[in-house]
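Asks: what's the 3D shape of this:
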Amino acid sequence: MNLDLKFSVSSLTFNFNKTMGRGDKKTAKGKLAMGSYGKTRPHRPKKQVEVKPAK
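Replies: Sure, this is the predicted structure:
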């Protein structure tokens, strides 16, 4: 049995053109586009609720 395996180079290439911007997970713009959070795009700080003393 003769098996000929062929791989195309185009299927193994990656798109390295998106180094910064919406496609990059490490930038704030990329995180905003993906809807994720992290060091670059932290969550909003929770508001401090003031507790008023009882009268």
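Asks: in the protein, mark out all the strands, start to finish.
Replies: Applying DSSP state E to the chain gives no strands.
Asks: contacting residues for Tyr37?
Replies: Tyr37 makes contacts with 31, 43, as judged by Cβ atoms under 8 Å, 6 or more residues apart in numbering. In short, each C-beta sits where N, CA and C put it, glycine included.
Asks: could you do Arg41 as well?
Replies: 28, 31-32.
Asks: nearest to Arg22 among those residues?
Replies: Nearest to Arg22 among the contacts of Arg41: Leu32, at 8.1 Å, using Cβ to Cβ.
Asks: against Thr40, how distant is that closest one?
Replies: 10 Å (Cβ to Cβ, to the nearest Å).
Asks: can you show me the helices along the protein?
Replies: Using DSSP state H, the helices of the chain run over 28-34.
Asks: pLDDT below threshold where in it?
Replies: Residue ranges of the chain with pLDDT under 70: 1-19.
Asks: what about 50?
Replies: Regions of the chain meeting the criterion pLDDT under 50 cover residues 12.
Asks: burial of Lys52, as a residue count?
Replies: 6 (other Cβ atoms under 10 Å).
Asks: oops, could you answer that again for Lys39 instead?
Replies: Residues near Lys39, counting by other Cβ under 10 Å: 8.
Asks: list the contacts of it.
Replies: Lys39 neighbours (Cβ under 8 Å, 6+ apart): none.
Asks: and Leu32, how far is that from Pro53?
Replies: For Leu32 relative to Pro53 (Cβ to Cβ), the value is 41 Å.
Asks: whoops, Pro45 was the one
Replies: Separation of Pro45 from Pro53 (Cβ to Cβ): 25 Å.
Asks: try Met34
Replies: 45 Å.
Asks: now swap in Lys46 and tell me
Replies: 22 Å.
Asks: hmm, back to that, the more surrounded of Met34 and Pro53?
Replies: The residue with more neighbours, out of Met34 and Pro53, is Met34; 13 against 4, by other Cβ under 10 Å.
Asks: was I right to think the more buried one contacts Asp24?
Replies: No: Met34 sits out of contact with Asp24 when judged by Cβ atoms under 8 Å, with a separation of 9.7 Å.
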